[in-house]
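sequence first, then the predicted structure:
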Amino acid sequence: MAKPPDRPDNLLHVSVSPHLRDTVTVPRIMWSVVLALVPAFLGSIYFFGARALWLVLIGVVSAVITEAACQKIRRKPVTVNDGSAAVTGILLVFCLPPGVPWWLPALGSAFAIAVGKQVFGGLGHNPFNPALLGRAFLLASWPVHMTTAWRAPSLGTLSGIDAVTNATPLSMLKEAQKVLVDPAATTEQMVQAREALSQLSSAYGNLFFGNVGGSLGETSAILLLIGGLYLLFKRYIGWKIPLTFIASVMIITGIFGGSNGLFTGNSLFHLLAGGLLLGAFFMATDMVTTPVTFRGRLIFGTGCGVITSVIRLAGGYPEGVCYSILLMNAFTPLIDRWTRPRRLGEGAEKQTA
Amino acid sequence: MSAKKTFQGGSHPPTRKRATQASMISSMPVPSRVVIPLSQHTGAPAEPIVAVGDEVSAGQKIGEAQGYISVPVHASIDGKVVAIELHRHPLGGELPAVIIESDGSEPSHEPSQTPAQSAPSDPGAMVEAIREAGIVGLGGAAFPTHVKLSPPENKPIDTCILNGAECEPYLTADHRLMVESGAEIIAGLKIILNILNCQRGFIGIEANKPDALTAMREQVREERNLTVVPLQVKYPQGAEKQLVWAITRREVPSGGLPMDVGCVVQNVGTAKAIDEAVSRGKPLTERVVTITGPIIREPQNVRVPIGTLFRDIIEHCGGTTQKPGKLIMGGPMMGLAQASDEVPVIKGTSGILALESNQAVIADSQTCIGCARCVDTCPMKLVPTQLAKLIEHSRFAEAEERGVLDCMECGTCSYVCPSKINLVHLFKFGKAKIFEERRKKKDGQAA
C-alpha cells in the first residue's frame, strides 16, 4: 500500500465550527445527579440505619460491575466513569423497602443495567428508565419481599402516626378507603377506617422530614426537594416534568381522592407520601427516556401524574409512581413526534406591513 | 430604559471581549504585498481588468463585477501587480487572486479618482455608487449590498435595522466602530433609508456594550425616526431572523428574507462603508478586524487593507506566544478554521482568532442522551437531535421535511451539547446532500 503523503507540519488543525463548547458534559450531569441524591441518602441512613448504607452500596457496585461486564462482552469501551450506572444503582435501591435481603438490590441493579440498558445499546438507547425497570422486575419476581419488608424509621412509626404501626402511609390510606366502600364491612371496621383517615393529617410533619416508613430514599420530602432544586438550579433538569407531574397528582387526588365526594381529597398528603417527589425530580426527568420537546415534556409529566393518581385511587397497588413513569416512557417517541415545535418562520406568510 | 429585546432560545457562551473592547482602532503599516481574491462575496467572482506588471493605486478597480449578484474588487494599496493566480482562500480551497506588491508609499486615504460630480442624490445613483464601491455585507456573509438595497416593487420596506449586536464571542470590531465612528454609521443609515424610501430605522446593540449604546444614542438624539435598541446578551442575537423578530416581532418566513416582512438588516460596518462610498466616492479597500485570542501577544482592533495576509497582521500584533492550535477567521461560534496563516483578509473578515493547541481539538462525540438542550436553545426552533439522527441514517428527505434547511449553522446546538455531538457538521453535510439531490433532479429533467 502506498504510504500517504506526509502532512506538511506548517498546516494547522481544522474543524467545523463552533470552536467553543460548553463545559457541561454527560459525566458532569450524571455525577451532579449523584450529588443531588446525597441528602436523601444520608437521610435514609439516619432513618433506617447502617443497612441503608450497605444496600445502596451493594446496588451501586452491582450496577457498575454489570455495566462494565456488559460493555466488555459487547467489546465496547467501558464507560462506568460517566456515572450513569451509579445513578441507576442508587435510584433502584431508593425505591426498595429497607428490610429487603442484600441480594435483592444486587439482582435488581444487574437486571436494570443488563436488561434495562445494555441490551438496547447502552446509555442513550434504552426506552425505559433502567432503575424503574429493575424495580418492576423485583416486584414481579419477589412480591413478598417487595411489599412487606418495611421498617419503621429509627425515631418513629411505619405510618408516621403514633397509634398505627403496621402500614406505610399510602397503604394505610388504601386499606381504609377499601373498607369505607366495602358494603360487607362491619360498623367497627368503618369507625376504625374513618379514625385512621382523620389521623393521616397528623403525619404531615413526619412525612415532610421523612420520619415514616416507605422505600429507602423516598420518605423525606425536604431532602429530596433539596436535591431536586439543586438540579433545577444547575439546569440539569427542567421544571416542566416535575411541575406537571406533581401538580396533576395534587389536583386529581384533591378532586377525586376523598371519601366524602368531590373536592374532599387530601392533595398535600398525596404530595408528601410515597415516591412522588423522588419520581418527579429524579426518575421522570431521566433525559434518555423522556420527550425532548417543550410541549412533549408537559404532556409527559401530566401523563405520569394522571396514571399515578389513577393507580393510587383506583388501582390494586397503593403506589403508582413507578408504573406511571414506565408507561409514559413507552409513549416518549410518539409524544416527540406529535409535539414537534413550529419552526421560526414555518407557515409564516410572506407579508408586508 | 426599556426592557432589553431578544428572541426565543439561544445560549450564553462566554463573551471574552475584554481583551479588545476598550482598544481604539489602530492602523497598521502598509504590508509589503496583498492578495486580493476576485471572489470575496456571495455571487459570481469578479473578472480581473489589470494585467501582471500593471502599476495600480489604492482604490483603483482591478476586478469587474460579473452579473447582477456580484461586485467589483479594488486595489487596497499602491504598487504593482506581480501575479494573478490561484491563492489559498479563507473560505477554503484555492481561488484566483490579484497579488500586488507594495511600492512602499503610505495610502493617501483619499479615493484615487475624485468623483466626477458631487455626491449622488437620487436613489438609483446611490445604489450604483454602492455597487461600484464593491460593498458587501461586512458582518461575515458578504452578500452584495446593492442587491439588498434593491428590493422588488412588491416588497416595500418600512423598517431598516442596523446590526450592532456583535454576538460572536471575542469580536469587538463593530463595537469599536460604533464608539468611534457613530456619525458615519448614522449617515450611512440615512442613505439606506433614503434609498429604500423607508421611514423607520433601528440600531440593535447587545447590552454588554454600554459605551456603544451611549455613543449611538448621542448620534440619534435629534432623530425622531431612529431608535437605538438595547438587546439582551445572548447568542445568536445578531442573526438576521432573530434580530428582526427581537425588534419588530415579525417572523421572517421559512426560506424567506427579511424583505419578505418589510425589513432590511445591515451591519453597522456596512453602513459606514455605504456612507464613505456615497458621500466621498471611497471604494471598500479596508476594514476593521479584531485580532484576538489567548495566544495573541497584543490583541487589538486594526484597520487593515483588504488582502493583507493573516500572518502579517498577527506579526503586527506582536505574534503569538505559541504555535496556534487553531486559527479562525471570524468568531469561535461560526468562524472558519484556517489550515494556514497564508490567507488574506477579505471583505467578510470580522476577526482573526488564534486559540491555544489545547483548545483546538474538540472532544469525541458520545451517544445522545436526549437532554434536549439543543431543542431548548435552537433559535430556529428545530429539533436538532432528531435531525442529527435522520442525517446519520442518510434519511435526508425526512430531515428536509423537518426543516434542516432552516438551520443557519449558528452553532448553538453543538455548543450546548453535553455529548459533544458535532450537530452543525451533520447539518452542513445533510444540507449539501439535499442540494446535491435537487441538482441531480434538475439535471435529470433538463436532459
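Everything's here; your move.

the domain parsing of chain A - what is it?
Structural domains annotated on chain A: A:26-148, A:169-338, as defined by automatic domain parsing.

mean pLDDT lowest for which of the ones you listed?
Between these, the lowest average pLDDT goes to domain A:169-338, which shows a mean of 91.

how far away from the center of its chain is that one?
Taking Cα atoms, centre = their mean, to the nearest Å, the mean C-alpha location of domain A:169-338 is offset from the chain mean by 11 Å.

run through the helices of chain B in chain order.
In chain order, chain B shows helices spanning B:18-21, B:123-132, B:145-148, B:173-180, B:182-196, B:210-219, B:240-248, B:268-280, B:310-316, B:373-377, B:384-392, B:396-401, B:412-416, B:423-446, with DSSP state H as the criterion.

nearest to A:Y46, out of those?
Closest of the helices of chain B to A:Y46 is helix B:373-377, at 35.4 Å (criterion: Cβ to Cβ). The way it works is simple: take the backbone N, C-alpha and C, and place the C-beta from them, glycine included.

which residues touch that closest one?
Contacts made with helix B:373-377 from outside it, assessed by Cβ atoms under 8 Å, 6 or more residues apart in numbering or on different chains, are listed as A:24, A:238, A:292-294, A:341, B:9-11, B:383-385, B:412-413, B:416-418, B:423.

rerun at 7 Å
Residues lying outside helix B:373-377 but in contact with it, judged by Cβ atoms under 7 Å, 6 or more residues apart in numbering or on different chains, are A:292-293, B:9-11, B:383-385, B:412-413, B:416-418, B:423.

also stretch A:158-173?
Residues contacting stretch A:158-173 (Cβ under 7 Å, 6+ apart): A:150, A:152, A:157, A:175, A:196, A:199-200, A:202-203, A:206-207, A:211-214, A:273-274, A:312, A:318-319.

now the buried members of those.
With neighbours counted using 16 or more other Cβ atoms under 10 Å in any protein chain shown, those contain these buried positions: A:150, A:152, A:157, A:175, A:196, A:199-200, A:203, A:206-207, A:211-214, A:273-274, A:312, A:318-319.

for the closest residue in space to B:Q386 that isn't next to it in sequence, give me the pLDDT.
Here the nearest residue to B:Q386 in space, its sequence neighbours aside, is B:R402; by Cβ to Cβ, 6 or more residues apart in numbering or on different chains that works out to 6.6 Å. In this model, B:R402 is scored at 94, pLDDT.

so B:R402 sits against B:L387, correct?
Yes - B:R402 is within contact range of B:L387, at 6.0 Å (criterion: Cβ atoms under 7 Å).

would you map the strands across chain A?
Read by DSSP state E, chain A holds no strands at all.

still on that earlier bit, which of the contacts of stretch A:158-173 fall within helices?
Members of those lying in helices (criterion: DSSP H): A:E175, A:A196, A:Q199, A:L200, A:N206, A:L207, A:R312.

output those residues as CSV; include the columns distance to B:K241.
Output for the ones in helices among the contacts of stretch A:158-173, formatted as CSV (distance: Cβ to Cβ, whole Å):
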residue, distance to B:K241
A:E175, 60
A:A196, 62
A:Q199, 61
A:L200, 55
A:N206, 55
A:L207, 51
A:R312, 47
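
and which of those residues is nearest chain B?
If you rank those by distance to chain B using Cβ to the nearest Cβ, A:R312 comes first, at 28.2 Å.

what does the stretch 201-350 of chain A have sitting close to chain B?
For the stretch 201-350 of chain A, the residues found near chain B under the criterion Cβ under 7 Å from any Cβ of the partner chain are A:287-288, A:292-293, A:340-346, A:348-350.

which residues in the stretch 1-150 of chain A form helices?
Secondary structure of the stretch 1-150 of chain A by DSSP state H, counting those that start in this stretch: the helices cover A:26-48, A:50-73, A:84-94, A:103-114, A:130-141, A:143-148.

who does the first one touch, helix- and strand-wise?
Spelled out, that is helix A:26-48. Here helix A:26-48 touches helix A:50-73, helix A:84-94, helix A:221-233, going by 3 or more Cβ pairs under 7 Å, 6 or more residues apart in numbering or on different chains; DSSP states H and E.

winner for burial among those helices?
helix A:84-94 (a mean of 29; mean count of other Cβ atoms under 10 Å in any protein chain shown).

relative to helix A:50-73, how tilted is that one?
Helix A:84-94 and helix A:50-73 are oriented at 140 degrees to each other (axes from the mean of the first three to the mean of the last three Cα atoms, to 10 degrees).

include mean neighbour count when you put the helices of chain B into JSON lines, please.
Supplementary listing: those in JSON lines, determined by neighbours: other Cβ atoms under 10 Å in any protein chain shown:
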{"stretch": "helix B:18-21", "mean neighbour count": "19"}
{"stretch": "helix B:123-132", "mean neighbour count": "19"}
{"stretch": "helix B:145-148", "mean neighbour count": "24"}
{"stretch": "helix B:173-180", "mean neighbour count": "25"}
{"stretch": "helix B:182-196", "mean neighbour count": "22"}
{"stretch": "helix B:210-219", "mean neighbour count": "18"}
{"stretch": "helix B:240-248", "mean neighbour count": "24"}
{"stretch": "helix B:268-280", "mean neighbour count": "26"}
{"stretch": "helix B:310-316", "mean neighbour count": "20"}
{"stretch": "helix B:373-377", "mean neighbour count": "25"}
{"stretch": "helix B:384-392", "mean neighbour count": "22"}
{"stretch": "helix B:396-401", "mean neighbour count": "17"}
{"stretch": "helix B:412-416", "mean neighbour count": "28"}
{"stretch": "helix B:423-446", "mean neighbour count": "15"}
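
possible to save those as TSV with distance to B:T42?
Formatted as TSV, the entries for the helices of chain B read as follows, by distance: least, Cβ to Cβ, whole Å:
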stretch	distance to B:T42
helix B:18-21	28
helix B:123-132	14
helix B:145-148	9
helix B:173-180	20
helix B:182-196	19
helix B:210-219	27
helix B:240-248	14
helix B:268-280	14
helix B:310-316	22
helix B:373-377	27
helix B:384-392	25
helix B:396-401	22
helix B:412-416	23
helix B:423-446	15
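
between those helices, which one is nearest to B:L138?
With Cβ to Cβ, the closest approach to B:L138 among the helices of chain B belongs to helix B:268-280: 3.9 Å.

show the average pLDDT along that closest one.
Regarding helix B:268-280, the rounded mean pLDDT is 96.

start and end of stretch A:14-21, how far apart?
Start and end residues of stretch A:14-21 are separated by 15 Å (Cα to Cα, to the nearest Å).

list of residues touching stretch B:60-76?
Taking Cβ under 7 Å, 6+ apart as the rule, stretch B:60-76 contacts B:34, B:36, B:38, B:40-50, B:56-59, B:98, B:100, B:112, B:131-132, B:134-136, B:144, B:147, B:283, B:285-286, B:305-307.

gap between that stretch and the chain center?
From the chain centre to the centre of stretch B:60-76 is a distance of 18 Å (Cα atoms, centre = their mean).

give the buried residues for that stretch.
B:60-63, B:65-66, B:70-76.

again, but for stretch B:28-41
When neighbours are counted by 16+ other Cβ under 10 Å, the buried residues of stretch B:28-41 are found to be B:M28, B:V30, B:P31, B:R33, B:V34, B:V35, B:I36, B:P37, B:L38, B:S39, B:Q40, B:H41.

filter the residues you listed by proximity to chain A?
Among the buried residues of stretch B:28-41, no residue sits close to chain A (Cβ under 7 Å from any Cβ).

check whether stretch B:164-183 contacts chain A.
Yes - Stretch B:164-183 reaches chain A (Cβ under 7 Å from any Cβ) through B:P169.

how far off centre is that stretch?
Distance of stretch B:164-183 from its chain centroid, counting by Cα atoms, centre = their mean, is 12 Å.

so how far does it reach from one end to the other?
14 Å.

pull the contacting residues for residue 39.
Using chain A. A:L223, A:I226, A:G227.

please refer instead to chain B.
For B:S39, the contact set (Cβ under 7 Å, 6+ apart) comprises B:P45, B:L95.

so which of the domains of chain A comes closest to B:L353?
Once those are compared by Cβ to Cβ, domain A:26-148 is nearest, at 26.0 Å.
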